[in-house]
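Participant: the sequence and its predicted three-dimensional model are supplied below.
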Amino acid sequence: MTLSLMVQGTASDAGKSVLVAGFCRLFAQDGYRCTPFKSQNMALNSGITADGKEMGRAQIFQAEAAGIAPDVRMNPVLLKPTSDRKAQVVFMGKVMCSMNAVEYHEHKPQLLQQILRAYNGLAAETDIMVLEGAGSPAEINLRDRDIVNMGMAELVDAPVILVADIDRGGVFASIYGTLALLKPAEKARIKGVIINKFRGDIALLQSGIDQIEALTQVPILGVLPWLDLDLEDEDSVALQVGKYDRPQQKTGNCLDIAVIQYPHIANFTDFNALAAQPDVFLHYVSKPSELQKADLIILPGSKNTLADLVWLKTQGFEPAIITAHQKNVPIIGICGGYQMLGKQIVDGVESGLTQMTGLGLLDTETHFASEKQTAQVRGVVMPALSGMLKLCSEQPIAGYEIHLGTTRLGQQATPFAQIYWRNGEERNSEEKNGFDGAVAQDGLVMGSYLHGLFDQNTFTRPLLNQLRIRKGDVPLENVAFNYRQHKEKQFNKLAASMREHLDIARIYQLMHEHSSGGVMP
């Protein structure tokens, strides 16, 4: 029989996604086949499977922790907010429609059977299913049609562990309040609590642990310390709480890389590999003045390109970016950021706006279409590029595309890369979509649709060395940074900490007890 374990949280960003990844790595280390699952994910960080389907980045990195390939069944429903009240609904990897919150809440019950089918299909192929909730199970206004917290746990009869974030304060109140708002049957499903992100002497916490256990009759299964892990975050809540603002210890003269944090920023995890490089200080900026010391400016992806372009202009970023370009500061745009760097964007699909003048740093024009392009791709940087890409010419690249519409290049722009492989099919330059991106004639401005571009050291290290040369520093030679190996170390570090600080034997016992309907013999 397949075992199951569900991780729910007292609030968003309590650490659910990371702990699910940790359980996946830990169980895999113990010889079990395990699979992550989140029935409904609301996030702007998404990725593409090998067959061209879209799913949440959190379930992708959880699958990596489990040592298995991402499968869209691990995240049947992905909600990508386009405004405060509306979201694009991606179901089983493909865009279904856009709905406002009320419409989606009414529609959720119609998805249940297909969600259950996805879960059961995965469960038949694995030993342990590790489920993740969303937000909090105590969101009582949503309980009647819940499909991701207690509603999902009940549907598949999974035991639940509740995660509480002590770093934000009020941890005992959040535990008590969450449990108090649950129905008796729901509270009985919660088999234990993990206190997460603790800093300090645990001896000072023990009296509180004793009291909360007595008050709730739910055991504390462990206290995880604050871990300085470099793992992907599910959504931009991590940016809001300043996780990426802290200075990082680096060697040598650091390159200052500024990523503009507009309201609908998407796939900011594209830049984790850059931030992990030994000579990079990467930070997210929301004020034009923060660009002044940048060695490289990045415009990231966006789920609402024109709305974020309006924000850029009203916040004063447009003249700041133009001035930086005039001072020979290199600029890169990824996906929506690439579109913004062009001369014109014609929409009518995504934002409700029809068209807008871009920043004009690339001789391109983008026309949106209703059909989203999703693909894993491989290619090579075009030869004989100049400027910041001089050392990157003819380097292999790989990544994935998630975008609406196409971008046409004018005479003053050249393609950034030639694409020779898309969703498992070989291509040539004569075919449609045989090229990606654009580079300005001065070699200082580049755009690309490829997410994950910086994960390849064969591209990223030459780029960073060119930036070092531009500012008068010596290139770093023989930096064989491997982002995949870097993530493996993070997963192992997480699993080791969980083994040390959590009652893993009890967690195994709870899963077996629940599957057998009683106490283990």
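Facilitator: Nice, thanks for sending it over.
Participant: what is the strand or helix carrying residue 187 packed up against?
Facilitator: In this assignment (DSSP states H and E), residue 187 forms part of helix 184-189. Contact here means 3 or more CB pairs under 8 Å, 6 or more residues apart in numbering; DSSP states H and E; on that basis helix 184-189 packs against helix 150-156. (C-beta placed from N, C-alpha, C; glycine too.)
Participant: now do the helix it packs on, average pLDDT.
Facilitator: pLDDT averaged over helix 150-156 equals 95, rounded to a whole number.
Participant: buried residues, the helix holding residue 187. List them.
Facilitator: When burial is assessed from 16 or more other CB atoms under 10 Å, helix 184-189 yields the following buried residues: 186, 187, 189.
Participant: contacting residues for the spatially closest residue to residue 174 that is not a sequence neighbour?
Facilitator: In space, not counting the residues next to it along the chain, residue 174 is nearest to residue 10; the distance is 4.1 Å by CB to CB, 6 or more residues apart in numbering. Applying CB atoms under 8 Å, 6 or more residues apart in numbering to residue 10 gives the contacts 136, 138, 162, 163, 164, 165, 174, 175, 177, 178.
Participant: can you check which strand is longest in the protein?
Facilitator: With residue count as the measure and DSSP state E as the assignment, the chain has strand 364-381 as its longest strand.
Participant: other SSEs contacting it?
Facilitator: In terms of contacts (3+ CB pairs under 8 Å, 6+ apart), strand 364-381 is packed against strand 46-48, helix 336-340, strand 344-346, strand 396-409, strand 417-422.
Participant: deepest of the ones you listed, which one?
Facilitator: Mean neighbour counts were compared across the helices and strands packed on strand 364-381 using mean count of other CB atoms under 10 Å; the top stretch is helix 336-340, at a mean of 30.
Participant: who's in contact with it?
Facilitator: Under CB under 8 Å, 6+ apart, the answer for helix 336-340 is 260, 266, 298-303, 305, 308-309, 312, 333, 345, 358-359, 362, 364, 366, 403, 405, 407, 437-438, 447-449.
Participant: that older thread, please report how far the residue nearest to residue 174 lies from residue 169.
Facilitator: Relative to residue 169, residue 10 is positioned 12 Å away (CB to CB, to the nearest Å).
Participant: can you give me the strands in the stretch 101-250 of the chain?
Facilitator: Using DSSP state E, counting those that start in this stretch, the strands of the stretch 101-250 of the chain run over 128-132, 160-165, 190-198, 220-225.
Participant: of all these, which one is nearest residue 87?
Facilitator: Across these, residue 87 has its closest neighbour in strand 128-132 (18.7 Å, CB to CB).
Participant: who's the spatially closest residue to residue 205 that is not a sequence neighbour bridged to?
Facilitator: The shortest distance from residue 205 to any residue that is not its chain neighbour, by CB to CB, 6+ apart, is 6.5 Å, and that residue is residue 223. Residues in a beta bridge with residue 223, per DSSP bridges, are residue 195.
Participant: distance to residue 457 and mean pLDDT added to the helices and strands packed on strand 364-381, as TSV?
Facilitator: Shown next, in TSV, are those (distance: least, CB to CB, whole Å; pLDDT from 0 to 100):
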stretch	distance to residue 457	mean pLDDT
strand 46-48	19	93
helix 336-340	22	97
strand 344-346	33	93
strand 396-409	11	92
strand 417-422	17	93
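Participant: switch these over to JSON lines; also include distance to residue 496.
Facilitator: As requested, the helices and strands packed on strand 364-381 are arranged in JSON lines below (distance: least, CB to CB, whole Å):
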{"stretch": "strand 46-48", "distance to residue 496": "26"}
{"stretch": "helix 336-340", "distance to residue 496": "37"}
{"stretch": "strand 344-346", "distance to residue 496": "47"}
{"stretch": "strand 396-409", "distance to residue 496": "30"}
{"stretch": "strand 417-422", "distance to residue 496": "37"}
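Participant: can you tell which of the ones you listed is closest to residue 149?
Facilitator: strand 46-48 (21.1 Å).
Participant: neighbouring strands for the helix or strand following that closest one, and are they parallel or not?
Facilitator: Towards the C-terminus, the helix or strand next in line after strand 46-48, according to DSSP H and E, is strand 54-56. Note on strand 54-56: by DSSP bridges, its sheet partners are strand 46-48 (antiparallel).
Participant: please state the offset of the partner strand from the chain centre?
Facilitator: In terms of CA atoms, centre = their mean, to the nearest Å, the centre of strand 46-48 is set 8 Å apart from its chain centre.
Participant: what comes into contact with it?
Facilitator: By CB under 8 Å, 6+ apart, the residues outside strand 46-48 that reach it are 54-57, 60, 70, 78, 80, 90, 266-267, 374-376, 400-402, 451-452.
Participant: what are the ranges of the helices in the stretch 201-350 of the chain?
Facilitator: With DSSP state H, counting those that start in this stretch as the definition, the stretch 201-350 of the chain shows helices at residue ranges 206-216, 237-240, 272-275, 305-314, 317-326, 336-340.
Participant: what does the fifth one contact?
Facilitator: Defining contact as CB under 8 Å, 6+ apart, one finds that helix 317-326 is touched by 260, 288, 289, 291, 294, 297, 312, 331, 359, 361, 444, 445.
Participant: tilt between that helix and helix 305-314?
Facilitator: Here helix 317-326 runs at 80 degrees with respect to helix 305-314, directions being taken by axes from the mean of the first three to the mean of the last three CA atoms, to 10 degrees.
Participant: list the buried residues of helix 317-326.
Facilitator: Along helix 317-326, the positions that meet the burial threshold by neighbour count (16+ other CB under 10 Å) are 317, 318, 320, 321, 324, 325.
Participant: the longest helix along the chain: how far from the chain's middle?
Facilitator: Of all the segments of type helix in the chain, defined by DSSP state H, the longest one is helix 483-501. For helix 483-501, the distance from its own C-alpha centre to the chain's C-alpha centre is 18 Å (CA atoms, centre = their mean).
Participant: pretty sure residue 480 sits in a helix.
Facilitator: No. If the criterion is DSSP: H, G, I helix; E, B strand; the rest coil, then residue 480 is coil and not within a helix.
Participant: how much space between the nearest residue to it once chain neighbours are set aside and residue 444?
Facilitator: If the residues on either side of it in the chain are set aside, residue 480 comes closest to residue 457, at 7.0 Å by CB to CB, 6+ apart. Residue 457 is 23 Å from residue 444, where distance means CB to CB.
Participant: surely residue 4 is within a strand?
Facilitator: Yes. Using three-state DSSP, the secondary structure at residue 4 is a strand.
Participant: give the bridge partners for it, please.
Facilitator: Here residue 4 shows beta-bridge partners residue 129, assigned using DSSP bridges.
Participant: closest one of the contacts of helix 317-326 to residue 501?
Facilitator: Nearest to residue 501 among the contacts of helix 317-326, counting by CB to CB, is residue 260 at 37.6 Å.
Participant: list the contacts for that closest one?
Facilitator: Residues in contact with residue 260 (CB under 8 Å, 6+ apart) are 284, 285, 286, 297, 298, 299, 300, 312, 317, 337.
Participant: from residue 291, how far out is it?
Facilitator: 8 Å.
Participant: what touches both of these two?
Facilitator: Both residue 260 and residue 291 are contacted by 285, 297, 317, under the criterion CB under 8 Å, 6+ apart.
Participant: would TSV of those residues with distance to residue 227 and pLDDT be doable?
Facilitator: Listed next are the shared contacts of residue 260 and residue 291 as TSV, based on distance: CB to CB, whole Å; pLDDT from 0 to 100:
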residue	distance to residue 227	pLDDT
285	26	97
297	31	98
317	34	98
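Participant: list the contacts for residue 299?
Facilitator: Counting by CB under 8 Å, 6+ apart, residue 299 touches 260, 331, 332, 333, 334, 336, 337, 338, 340, 341.
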